[in-house]
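# My questions concern the predicted model and sequence given below.
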Amino acid sequence: MEIVKLRETDEFIKLGQAMKKAGLEDSGVDAKIDIQNGLVKVNGEVETRRGRKLYDGDIIEYQGEQVKVEK
């Protein structure tokens, strides 16, 4: 499972940003399209908002890969 680390000063990261940081998408546009098309899950639930705030412990699922957000 891939890990995305939050910066020391941040409480959260937005879903689109986390996908780019984890290497799941090359661009924000690609992330936006896949999120809006219902291809991404957060904590097991389909998420269609790319601005969804992710906090420590949240898990993203996309194309069979999982990414965990950690502080």
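Thanks, I have the structure now.
# Give the burial count for Arg7, as a bare number.
Look at Arg7: counted by other C-beta atoms under 10 Å, it has 8 neighbours. To be clear about C-beta, it is placed using only N, CA and C from the backbone, and glycine gets the same treatment.
# same question, Ile60
By other C-beta under 10 Å, 23 other residues sit near Ile60.
# mind listing what the strand or helix carrying it pairs with, with the direction of each?
Ile60 is part of strand 59-62 when elements are defined by DSSP states H and E. For strand 59-62, the paired strands and their directions (DSSP bridges) are strand 40-42 (antiparallel), strand 65-70 (antiparallel).
# which residues of this protein fall in helices?
Counting by DSSP state H, the chain has helices at residues 15-21, 28-36.
# As CSV, these with mean neighbour count and distance to Gln66 would be great.
Shown next, in CSV, are these (neighbours: other C-beta atoms under 10 Å; distance: least, C-beta to C-beta, whole Å):
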stretch, mean neighbour count, distance to Gln66
helix 15-21, 21, 12
helix 28-36, 16, 15
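# so which of these comes closest to Gly44?
Nearest to Gly44, of all these, is helix 15-21, at 14.4 Å by C-beta to C-beta.
# who does that closest one touch, helix- and strand-wise?
Secondary-structure packing of helix 15-21 (3 or more C-beta pairs under 8 Å, 6 or more residues apart in numbering; DSSP states H and E): helix 28-36, strand 40-42, strand 53-54, strand 59-62, strand 65-70.
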